[in-house]
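> After the sequence you'll find the predicted model.
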There are 2 protein chains.
Amino acid sequence: MSGTTELLKRVFIGRAIASNRLGETLLPKKIALPVFCSDPISSVAYATEQIVLVLGTAGAASLLGLAAPIAVAVALLLAVVVASYRQTCFAYPSGGGAYIVSKENLGDRAALTAAAALLVDYVMTVAVSVVSGVVAITSAAASLAPYAMEISVGFVVLLAVVNLRGVRESGTAFAFPTYAFVALTFLLLASGVYRALTGGVPDAASAHLALRRTATSGGFLTVLLCLRAFASGCTALTGVEAISNGVPAFKKPKSQNAATTLVIMGALAISMFGGITALAIATHARAYADGNPSVISQIADSIWGRSPLFYAFQAATAGILILAANTAFNGFPTLASILARDRFLPRQLHNRGDRLAYSNGIVLLAAVSVALIIGFNANIEKLIQLYIVGVFTSFTLSQIGMVKHWKAELSRTTEAAKRRIIRRSQAINGTGALVTGLVLIIVVRYKFLAGAYLAIAAMIVIFFLMRAIRGHYDAVGAELAPGPAGVPLPSRNHAVVLVSKIHAPTLRALAYAKATRPHDLTALTVSVDDEDTAALVAEWDERGIGLPLTIVNSPYREVTRPILDYVDRIHRASPRDVVTVYIPEYVVGHWWEQLLHNQSALRLKGRLLYKPGVMVTSVPYQLRSAQTVDPERA
Amino acid sequence: MSGTTELLKRVFIGRAIASNRLGETLLPKKIALPVFCSDPISSVAYATEQIVLVLGTAGAASLLGLAAPIAVAVALLLAVVVASYRQTCFAYPSGGGAYIVSKENLGDRAALTAAAALLVDYVMTVAVSVVSGVVAITSAAASLAPYAMEISVGFVVLLAVVNLRGVRESGTAFAFPTYAFVALTFLLLASGVYRALTGGVPDAASAHLALRRTATSGGFLTVLLCLRAFASGCTALTGVEAISNGVPAFKKPKSQNAATTLVIMGALAISMFGGITALAIATHARAYADGNPSVISQIADSIWGRSPLFYAFQAATAGILILAANTAFNGFPTLASILARDRFLPRQLHNRGDRLAYSNGIVLLAAVSVALIIGFNANIEKLIQLYIVGVFTSFTLSQIGMVKHWKAELSRTTEAAKRRIIRRSQAINGTGALVTGLVLIIVVRYKFLAGAYLAIAAMIVIFFLMRAIRGHYDAVGAELAPGPAGVPLPSRNHAVVLVSKIHAPTLRALAYAKATRPHDLTALTVSVDDEDTAALVAEWDERGIGLPLTIVNSPYREVTRPILDYVDRIHRASPRDVVTVYIPEYVVGHWWEQLLHNQSALRLKGRLLYKPGVMVTSVPYQLRSAQTVDPERA
């Protein structure tokens, strides 16, 4: 890395941090709530909109009223999932993500499926939350709408930089936008109730939009419509699993505190989601095709007008959504690091960077999210279609894993009271598995063509990629394992010094090669041009180097191949010996200087690596410009 | 290079050719004419248009008649330049390009100026000739006009591939379009005279175009206009110097044959240019802003109509122009190779590729030409403004060099008859220098803002770049020159074997290092993670390797820096010794496999190169997938 890059890195990422500063700060519930729940709570900012959007496309204004029963179904589902994950908090005090629970209880295949689902899920969390946060901004400032994509990309880059710096999420930074969003949402609900009791709730700006399609009717079609709307409304559940992952970060009693926080979060999410949906029905708010302005902002606008309160609410919405994206920047690199440790992903993802963050995972997540945001032109309504299938895949696998977990516990326990508690937990997780599995089927069925097929395809690709990577590492590991006999000592060492010109690097390489006292020493040159070679030989003789110069001809003006052939001949003649090729290299200081010198040494070294029984020794000669370059920084 | 790349290369470029097949075929005059003169003769396809274009912008229809005296002036200039270059043919039988003549007679600075001018000139020849050739095509088939840029780029790529194949210009391939163009042009002139004698010459399609600007009048403005038109018309002279470069390719008597061919070429060019200009005046042809359809095609159209003869003429025009571009694909790489040999350009430009062509020069020329064509959107009228300043710079320097050459000859000769001949030659070249110098001033003055400033800027940049490159090579050469005392033999060799895991590559590296019988041998590992290191030490002891494992800690999880520090400590303790660092590397076969393994070895090797007194030895261990890869192709 050059000095400039290094400087930029230090400015944006900060100074390196030593390993021993890696530690965990324990969080009280009131801080843990905003840290882990910005993702699930922020989901209410777009979940209602998804239901309204589906019902709106059906075409009959009367159908919009169906939002109420659908919201109730979603809220019930949320309650079931919260109850299920409470069990996980108790069963896995060291953190029970879907990958770990599946791996322990269901085996590698299920674990990899869960992992693939989670990886996709994290990417979608970043894309959806950031784009949705930007919608909150453009809903308040319409003039920014044309730049929604650029602003979204900017936020992702900002999140990546912040996380590369490895700043531990300070509780207060998380607390403020989260609590502000919760408080303002409840204030909005209260204002709505007050308006309803006094003069009536005013219509939203979009209330009188033309309905998009011709009206459909008939009972079966209405059921289908409800299922589609329900599948869309399930976006309210995204992020619920975060707490069960983070149990170790809670103050003691960890599991109890985590479970309590989970219940608080569930209660908040359900009431906020229900209230917002009720207001959407009351204001007759409709969703726009590009999601801008959002339904939730329309509601706030119609109830508060463009007052400071409205702008504060939009700011808090944007803030909590960006924070939600940030949680994925914690989760994705950590999961990728665990998968890399288990050799399912490239090991580069397991290394911590200068600032103790999993830098490669952060960069990967940011890159994929940015690609998605650009590819979908920051259209929230299209992006969100890819979201829930991954979420419910991991929910279902996690719950099935828990059912198995309790079964195993049951077989280990004889005490009747304990068995009853375990049975109860198993029943809760069984219900969770059943319900989330059913929802998964609905989601796949009714979201497939809308975009879920892309997420499913990505999951399948990631699944098989991870299997292939593991297979590769296993094969390499088996090949590299030393046999019980060890490695035989090579009998003799043939040194070959490459000569292109007679200059100081060549002479140094000859001296060094002699110093290693090889069995024999050859000075080898490749003749590309007869005149040049004749001049070289004349100078060689004149200098009295005391060693014959071996010349190989190269009719095709290649330098590398004749050397490889020469080395091959030695190796074939005595396969148990070593051939050491000494390459004199002069080292210049700057990349533009390197352009001016043939890169044949690098190419030759690359090819010699493929020759068995050959060692390749670089004998560097540092020019003055190279000596001014600090090698640690070079 | 991977197998696929290699295969593609073989399909498009062909099999490698041995050095001893490099030879020169000698050309008779009738083949040499098309080989060397496609460039100057093809210039008549656009030179008249340039004059008409300038006069057309002036705004008064009457001014178009000024084309006649201006054409006469250009023709006279052409005659003077031809006479001057005849002298060069005799003085430099081994080829007298502007760079060589300037270098021998005027020194490095003038030679570099000439070289910079020629390099720019060659690029412009490709861009202008190809785009102009495509105009000949789109003039006949207007529906292709929107794709002019793409077609032009396609032709440049085609020329590059043909030249990378190194196909020697077969005389007949050149002869046909050139002679066809000459013959059809004279037929056009004859048809024009016939029409003039019988019914009168019909107007061109553009004859009644509105004049672009308000009319100007007044003597001084008319003079300025004439100078501008003259400067534009000088494009007729581009390529005249080609024969003087190519004297060695002529049959004996080389110089005489070259000089005769030059005169024939001059006579053809002058009569064709004069005739076309006369027809342009007679048909009142005007130039379009984008040069499409061209003036010469309008003339052919108005005289022949859209007859087969018209289409044949357009095809021949396109053909000779593409061939003209091809001459630059010979000239540029050859000149670049000479400049690289003289260390003014990177030495990569001096190497012949697989097919004996100067591949890097060909690729460079094609890349820059394509960039120009795209940058100027294949607009011939804009591109051509950059052309002539380079041409006349090299003309002028070449002629001044010849004057000096004759002066030197004169001082060596006492015989009166010979001195008279030399004086005559000197007078001719002196006139040439004076006239071309004057034209250069006119061209710079009246073309500067139209685009010549870009060419001048490019020449200046190239000039200083070449000086800087030479300076760098000289400095490196001085530093690398071995002192008279030679290089002292290092006293001792400290071997350091890097250990990350205990696997076969590590054990092999240890065995190899032992085989070189170093003064001492250290097995070194960097501890990034305490647990991993403890496991490594346990396995190390268990295996009974019989050598202690040295551990250095790395609090910042870096692998490279602690190794560099360790090596530094040894070097500082005994600066006259060598440290050899052995790096076990396992070699996988495919690039995607390499992605799965940390690239730390490569990075470490790169950094160790900057450490004085350190040798770096790779001990490769080929995995099975690497053994199936042919190293010659890898």
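Sure thing, it's come through. This one's a predicted model, so the numbers in the text were calculated from it and none came from an experiment. Numbers count the residues shown, from 1 in each chain, chains lettered A, B, ... in the order given.
> all strands of chain A, in order?
Counting by DSSP state E, chain A has strands at residues A:493-498, A:520-527, A:549-553, A:578-587, A:614-622.
> Mind checking if the fourth one is in reach of chain B?
What that stands for is strand A:578-587. Yes. Counting by C-beta under 8 Å from any C-beta of the partner chain, chain B is contacted by strand A:578-587 at A:578, A:580, A:585-587. C-beta here means a position set from N, CA and C on the backbone, and glycine is covered the same way.
> same thing with the second one?
No. Remark: strand A:520-527 sits outside contact range of chain B, by C-beta under 8 Å from any C-beta, the gap being at least 9.9 Å.
> which bits of the stretch 251-400 of chain A sit near chain B?
Near chain B, when you scan the stretch 251-400 of chain A using C-beta under 8 Å from any C-beta, you find A:346-348, A:351-352, A:354.
> re earlier: tell me which of the strands of chain A lies nearest to residue B:559.
Nearest to residue B:559 among those is strand A:614-622 (18.7 Å), distances taken as C-beta to C-beta.
> ok, that closest one: who's next to it in the sheet?
With DSSP bridges as the criterion, the sheet partners recorded for strand A:614-622 are strand A:578-587 (parallel), strand B:614-622 (antiparallel).
> Relative to residue A:224, which of those is closest?
That would be strand B:614-622 among the strands paired with strand A:614-622, by C-beta to C-beta, at 60.6 Å.
> I'd like the distance from that closest one to the chain centre, please.
The chain centre lies 40 Å from the centre of strand B:614-622; the measure is C-alpha atoms, centre = their mean, to the nearest Å.
> Repeat that for stretch A:440-451.
Counting by C-alpha atoms, centre = their mean, stretch A:440-451 comes out at 24 Å from the chain centroid.
> how close does residue A:609 get to residue A:55?
Here the criterion is C-beta to C-beta, to the nearest Å. By it, residue A:609 lies 64 Å from residue A:55.
> Comparing these two, which shows the higher neighbour count?
residue A:55 (26 against 21; other C-beta atoms under 10 Å in any protein chain shown).
> Can you name the residues that contact that one?
Residues in contact with residue A:55 (C-beta atoms under 8 Å, 6 or more residues apart in numbering or on different chains) are A:63-64, A:66-67, A:225, A:229.
> Give me the neighbour count for residue A:477.
A count of neighbours around residue A:477, defined by other C-beta under 10 Å, yields 12.
> do you know how far it is from chain B?
Distance from residue A:477 to chain B, counting by C-beta to the nearest C-beta, to the nearest Å: 8 Å.
> follow-up on the earlier one: top of the residues of the stretch 251-400 of chain A next to chain B by number of neighbours, please.
Neighbour-wise, those (other C-beta under 10 Å) top out at residue A:352, 21 neighbours.
> Please report the distance of that residue from residue A:94.
The value you get for residue A:352 to residue A:94, if C-beta to C-beta is used, is 20 Å.
> can you check residue A:290 too?
44 Å.
> and what of residue A:102?
For residue A:102 relative to residue A:94 (C-beta to C-beta), the value is 16 Å.
> Over to residue A:562?
Distance, residue A:562 to residue A:94, by C-beta to C-beta: 61 Å.
> OK, contacts around residue A:613?
Counting by C-beta under 8 Å, 6+ apart, residue A:613 has contacts A:490, A:571, A:575, A:577-579.
> Type out the ChimeraX command that picks the buried ones from the residues you listed.
Applying 16 or more other C-beta atoms under 10 Å in any protein chain shown to the contacts of residue A:613, the buried members can be selected in ChimeraX as follows:
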select /A:490,571,577,578,579
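> Just give the number of residues close to residue A:590.
If we define neighbours as other C-beta under 10 Å, then residue A:590 has 15 of them.
> how close does it get to residue A:625?
The gap separating residue A:590 from residue A:625 is 7 Å, by C-beta to C-beta.
> How about residue A:603: what's its closest non-neighbour residue?
residue A:560 (6.1 Å; C-beta to C-beta, 6 or more residues apart in numbering or on different chains).
> Please apply the same query to residue A:46.
residue A:132 (5.1 Å).
> List the residues that contact the one you found.
A:42, A:45-46, A:291, A:294, A:321, A:380.
> among those, who's most crowded?
residue A:42 (33 neighbours).
> Hmm, residue A:320 and it touching each other?
Yes. Using C-beta atoms under 8 Å, residue A:42 is in contact with residue A:320, at 4.4 Å.
> Which residues are in contact with each of those two?
In contact with both residue A:42 and residue A:320: residue A:181, using C-beta under 8 Å, 6+ apart.
> so what are the domain limits for chain A?
Listed by automatic domain parsing, the domain ranges of chain A are A:3-14+A:29-471, A:493-627.
> picking that back up, between residue A:102 and residue A:94, which one's more packed in?
Remark: of residue A:102 and residue A:94, residue A:102 carries more neighbours, 28 against 8, as counted by other C-beta under 10 Å.
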